[in-house]
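# build me a model from this:
(2 chains)
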Amino acid sequence: MVRSSRARRAITRDTPLGHALIAGVLVAAIAAFATTLHSGFVRLDVACAFIALIGVGELLQVRLPGDRPAAPIAASGALGYGLLFAVGGKPVAQTTAQVLCVVAAGCLLGSVVQTAAGRRPRLSFVARRVVAAVVASIAFRATAPHNLTTLPFAQYKQDLRWVALLMVAVVALVGVIDIIVAAAVRSSGRAAVFGWTLRDEVGAGAGLWAAVGATGILTALATPSMQLYALPTFCVPLLLTQFAFRRYAAIRTTYRQTIRSLSRVTEVGGYVEDGHAHRVSVLAVAVGRELGLAESEIVDLEYAALLHDIGQLSLTDPIPGGSTLVVAPVERRRVAELGAEVIKTTGVLDRVAEIVARQADPYRRHREAPDEKIPIESRIIKAASAYDDLVGASRSPEVSADALERLRLGMAYEYDPRVVETLTRVVTRAVERSSQIPA
Amino acid sequence: MRSLPAAARLYVCAVIAAAAVLCSLAVFRTSVAWRDVAVLAVLFWIADSAYVDTRMRFFSVSTGFPLALSAILLIDPWGAGTLCLVGAVTYAKARPWFKRLFNGSQMAISAFAAGSLYHTLPGSAGAGFTNARFPEVLPAVLVAGVAFFVLNNFFVAYAIKLSARVSLISVWWGGVGEIAVSSLGYGLIGLIMAVLWEGGVGPVAALLVLAPVLIARWAFQQYGEQHKAYEATVASLIRAVETKDYYTRGHSERVSKASVMLAEQLGMREDRLEMLRYAGMLHDVGKLGVPTKLLQKTGPLDDTEFAAIKLHPTRGFDMVNGISFLDEAMLGIKHHHERVDGLGYPDGLAGNDIPEFARIIAVADAFDSMTSTRSYRSARSVESAVQELKRWAGTQFDVVMVDALVAAVAVQGWDANVEPTEEIVDPGVLVFRDHDDPSSDLAGAAAFGYRPYELQAEVS
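Below is the predicted model of the structure:
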């Protein structure tokens, strides 16, 4: 699946801030290791158990909606170690430097094994897990009662509910910080899209974060009584939760593949040129990303682009050649409306139906202001489809330049100037790239 | 209640009565910590009240189970039993009262039994879980959890056995194994809950403990919704295709339904059933590549025209090739016009070389085609269609599949599509128009490459 790997790259693309984060964590971890070595490790057996847990957790990844890699067991293990204050009734006073050391070691272990197995670990995501655990550790130790890590656990039992509430507050804070960092890393170098990305990250990550945070807290709270048996006990429910997420991710992938496959009905039926829907969707998605659409909007855009000609099925005779550019605007609008009707009957793709319905509308009519109500996705599909009608499967730079020229002539009335400019940028880049590769 | 067989009625009443006795005796026990029972009952109700449609018959998140288990560990058996009864009576699922009462009662008895067992085991922590020592307590907790699960499921399975009159083994096999993994896995949360409860964390513990369970339930719910969306989308797109190019509306959905009925009769696994449902839906999607005028032609087909029609299974296969989830379904689509005697198309496979899905769809396809009204003939009755299928079993169709469909239709009935889609024309001008109908007239059959001896076989 070429397309899905493209989508994945978009989410996990290495950004300048991502590189800075990875480098920062690495340097801090080395410094922390030196410090801890100097001052001596506290409860090395506990540390090793958590390193193993985090290392294994790194291997058990799950993909969240939008193809985000997540490692819930590693993340909650790291958080748990950050908040840990006693094991088996005895206090454990590990320093923040040791927390950083242990979590980084676990993550490193998991990443090395992953690399050896031929998978490329997403280091900026790994670095975020380390940062979250360390921030939690600092915040917890700064606010927790001082004798928590000096007195035996039995003397603390009565106050444990306040400690639990404090941990909830700390983890909530860390969760907010982590989501902001995620959005910043993803949007760095493209400052304009920070707001979009943030909304996107909250929608995608908040649910799992709650489960991971709660499990981390439970680990820290139960280890005083359960000793290290707490660790495997917590893994099992979280693994089952992960399984639920995996099923969810799988059905989403299937959905996408099915829309892609079924979008070919118009081609097989001879209504449009072969590969038209696919090419339009690739181009539209590229333009949408360049314009900074959120991930969920990109998905709707892709579906709408794939299905934009589905209304042709309702026509009595195929339009010759399939091109919707050469037929009358009235006819084009009818195809759009018929298509939207078909899509609306699914009952779940209302947004996609709206995009398809408005794809034939001109950017603005003579002597009128631009119609702001036309979704940006519709304008993208309109331009991308027109471009593909003119170029088709051709890869010649001249054909492409001619088509762009024609779109530019229609700018300001037929097409949204911003969309045409972005599309020109995207196409020019693609043409340059393909001309660099020797035939 | 009246709908149940006498034996089942007696059984349900006995279980409810036993639970009632248990709870009335519990009232007189002084060892029960009623405050804890009340708090846990509220939590139990919260965890178990909202019903989630996970679209999975076997794998569900039993959110009440961990809470019940922590009650078994924390309070004495009488209290745990009463709690389960209270919790399950307030259960919000839309079910008949006697089912809810039965559910609560069997939970109460199971919890009482599992709790009693737990307290006799070596290593158990006593009331309040206060003496819990790790790891000594773990085997006792495991035994209690398994006992609770087994009893709970046995009571339910036995009720199903009595009311549906099926064997206990088949009920048990019908999915308990899969539920066991999720129930016992999430049951560990009950253990954690007990540890924290004893550790003085209080109500905050419940909040933390419920979070992973509720998130998992959320994910399953998302899965269910996405799944529904998926089905609706495929169905809509197929309908859109049918309005244009098919002379038969709803054919795909009915073939899908008949295929699933048939496969259920064969005892097919749930995940394969699902794939088969899609295969049935999509089996004719490749017909879009066949010119409409050819599909609706009213004269005999010549060789080239027939060759064009024969392409549709392969075309359909090519179309859905990109949907990785449908790997087995794709073969069903590609080979649904193969015949067991090897005379079908596109590859001329014979017997068991034809993929199972394809053999199923072939029968379902023909059956729906015969029981539907066509422009040139009215629908056959279900009986006559069954006769026709039986006649072609062994040559065109797999005998096993024909028998399974006949049996499934006999049990569940069949909602045939007898609404005429167009006006009925004189059968005299009929030519072969429905390539799915094995009983179509001889000209059509000849056009499909049937050899004379089969035609004789049909006539005789």
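# sticking with residue 37, tell me its helix or strand.
Going with chain A. helix A:16-39 (DSSP states H and E).
# I was thinking of chain B, sorry if that wasn't clear
With DSSP H and E as the criterion, B:Val37 is inside helix B:34-49.
# and the strands in chain A?
A:62-64, A:68-70, A:86-87, A:90-91 (DSSP state E).
# A:Phe50 is nearest to which of the ones you listed?
strand A:86-87 (10.4 Å; C-beta to C-beta). Yep, even glycine has a C-beta here, placed from its N, CA and C like the rest.
# what's the burial count for B:Pro5?
12 (other C-beta atoms under 10 Å in any protein chain shown).
# and it, what does it touch?
B:Pro5 sits next to B:162-163, B:165 when contact means C-beta atoms under 8 Å, 6 or more residues apart in numbering or on different chains.
# mind redoing it with 7 Å?
Residues near B:Pro5 by C-beta atoms under 7 Å, 6 or more residues apart in numbering or on different chains: B:162-163.
# please determine how far it is located from B:Ala14.
Going from B:Pro5 to B:Ala14 by C-beta to C-beta, to the nearest Å gives 14 Å.
# now the residue nearest to B:Ala416 when sequence neighbours are not counted: how far from chain A?
Once flanking residues are discounted, B:Ala416 sits nearest to B:Thr371: 4.0 Å by C-beta to C-beta, 6 or more residues apart in numbering or on different chains. From B:Thr371 across to chain A, the span is 26 Å (C-beta to the nearest C-beta, to the nearest Å).
# B:Trp45 too?
Applying C-beta to the nearest C-beta to B:Trp45 and chain A gives a distance of 20 Å.
# is the helix or strand following the helix holding B:Val37 in proximity to chain A?
For helix B:34-49, the following helix or strand on the C-terminal side (DSSP H and E) is helix B:64-74. No. Helix B:64-74 stays clear of chain A (C-beta under 7 Å from any C-beta of the partner chain), getting no nearer than 8.2 Å.
# now do the helix or strand just after helix B:64-74: which elements does it pack against?
Moving toward the C-terminus from helix B:64-74, the next helix or strand (DSSP H and E) is helix B:77-89. If you count contacts as 3 or more C-beta pairs under 7 Å, 6 or more residues apart in numbering or on different chains; DSSP states H and E, helix B:77-89 packs onto helix B:6-27, helix B:34-49, helix B:64-74, helix B:97-120.
# which residues sit against the first one?
Contact with helix B:6-27 is made by B:1, B:4, B:32, B:78-79, B:81-82, B:85, B:98, B:101-102, B:105-106, B:108-109, B:112, B:155, B:158-159, B:162-163, as judged by C-beta under 7 Å, 6+ apart.
# would you mind checking these for buried ones?
The neighbour-count test (16 or more other C-beta atoms under 10 Å in any protein chain shown) marks B:4, B:32, B:78-79, B:81-82, B:85, B:101-102, B:105-106, B:108-109, B:112, B:155, B:158-159, B:162-163 as buried among those.
# and for the residue lying closest to A:Ala172 once chain neighbours are set aside, the neighbour number?
Once flanking residues are discounted, A:Ala172 sits nearest to A:Gly213: 7.3 Å by C-beta to C-beta, 6+ apart. Using other C-beta under 10 Å, A:Gly213 has 26 other residues around it.
# one more: the one 3 residues further on?
Each residue near A:Gly216 was counted by other C-beta under 10 Å, and the total is 30.
# is it true that it touches A:Ile73?
No. Counting by C-beta atoms under 7 Å, A:Gly216 does not reach A:Ile73; the two are 10.4 Å apart.
# quickly list what's touching both of these two.
If you check A:Gly216 and A:Ile73 against C-beta under 7 Å, 6+ apart, no residue is contacted by both.
# ok so, going back, as JSON lines, the helices and strands packed on helix B:77-89 with distance to A:Thr115 and mean pLDDT would be great.
Compiled in JSON lines, the helices and strands packed on helix B:77-89 are given as follows (distance: least, C-beta to C-beta, whole Å; pLDDT from 0 to 100):
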{"stretch": "helix B:6-27", "distance to A:Thr115": "57", "mean pLDDT": "90"}
{"stretch": "helix B:34-49", "distance to A:Thr115": "41", "mean pLDDT": "80"}
{"stretch": "helix B:64-74", "distance to A:Thr115": "37", "mean pLDDT": "86"}
{"stretch": "helix B:97-120", "distance to A:Thr115": "46", "mean pLDDT": "88"}
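# which one of these lies closest to A:Leu390?
Among the helices and strands packed on helix B:77-89, if distance is taken as C-beta to C-beta, the winner is helix B:34-49, at 58.8 Å.
# what angle separates the closest one from helix B:64-74?
Helix B:34-49 runs at 160 degrees relative to helix B:64-74, counting by axes from the mean of the first three to the mean of the last three C-alpha atoms, to 10 degrees.
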